[in-house]
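[1] my questions concern the predicted model and sequence given below.
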Amino acid sequence: MILRGLTLAGGIAGAAATSQFPEFSQQYAQRLGGAVDALAEVVADFDASAAAVGLDRSEALAQMQGSAFLQRRQADMAQTFVRYDRLSADLAALEGQGPFMRAYNLPRLRDAQIARAAWDAYQPAVPLNFAGISFGVIGFILGSAALGLLFKLLFWPFRRRANPA
């Protein structure tokens, strides 16, 4: 009886956790769009400066030599370009998608800085829409099943055996 209660509690915890995904992923996608916009300005400014002196991006990066500051700035800009490309691809995959497709594209919610900012601003709530309820039901089933399986494995050596009479 206690194990059933604990399994039910695991299901409820799973439901509570997964029902938050649709709203959190929505906030992540909004912050992702903002980050891409901000990085696009930096990239466009760098490309414009390079073009003004007749260079493309890679040539301009290659010329950033000569001092520790310029080399550090070169590395920073190279990282910015990589992050911009990665986040732009993530945004293209997530843009306009509903919560179920965002769950399918879960690996695209991978930027720790954006996820941390979305989490810091996130306020959990009781979702009363179809997506929230659906994710809650899925979480309940997965949470119950995971805890039930864990208990079966833990108590398997102690199970009662039928008496061979």
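    Cool, the structure landed.
[2] which secondary structure elements does the lengthiest helix in the chain contact?
    Assignment by DSSP state H gives helix 21-52 as the longest helix of the chain. Judged by 3 or more Cβ pairs under 8 Å, 6 or more residues apart in numbering; DSSP states H and E, helix 21-52 is in contact with helix 57-62, helix 68-94, helix 99-104, helix 112-121, helix 130-155. Every C-beta, even on glycine, is put in place using the N, C-alpha and C of the backbone.
[3] weakest of these in terms of mean pLDDT?
    Comparing mean pLDDT across the helices and strands packed on helix 21-52, the weakest is helix 130-155, with a mean of 88.
[4] got the phi and psi for the residue nearest the centre of the chain?
    For the chain, Leu109 is the residue whose C-alpha lies nearest the centre (Cα atoms, centre = their mean; 2.8 Å). Dihedral pair for Leu109: phi -90, psi 60, per degrees, to the nearest 10.
[5] that one contacts Met101, correct?
    No - applying Cβ atoms under 8 Å as the test, Leu109 and Met101 come out as separate, 12.0 Å apart.
[6] any shared contact partners between the two?
    Here Leu109 and Met101 have no joint contacts, going by Cβ atoms under 8 Å, 6 or more residues apart in numbering.
[7] what's the closest of the helices and strands packed on helix 21-52 to Ala38?
    Closest to Ala38 of those is helix 68-94 (Cβ to Cβ; 9.4 Å).
[8] so Gly143 sits right up against Leu8, yeah?
    No - Gly143 lies out of contact with Leu8 (Cβ under 8 Å); the separation is 9.4 Å.
[9] which one's more surrounded, the two?
    Using other Cβ atoms under 10 Å, the more surrounded residue of Gly143 and Leu8 is Gly143, with 22 against 15.
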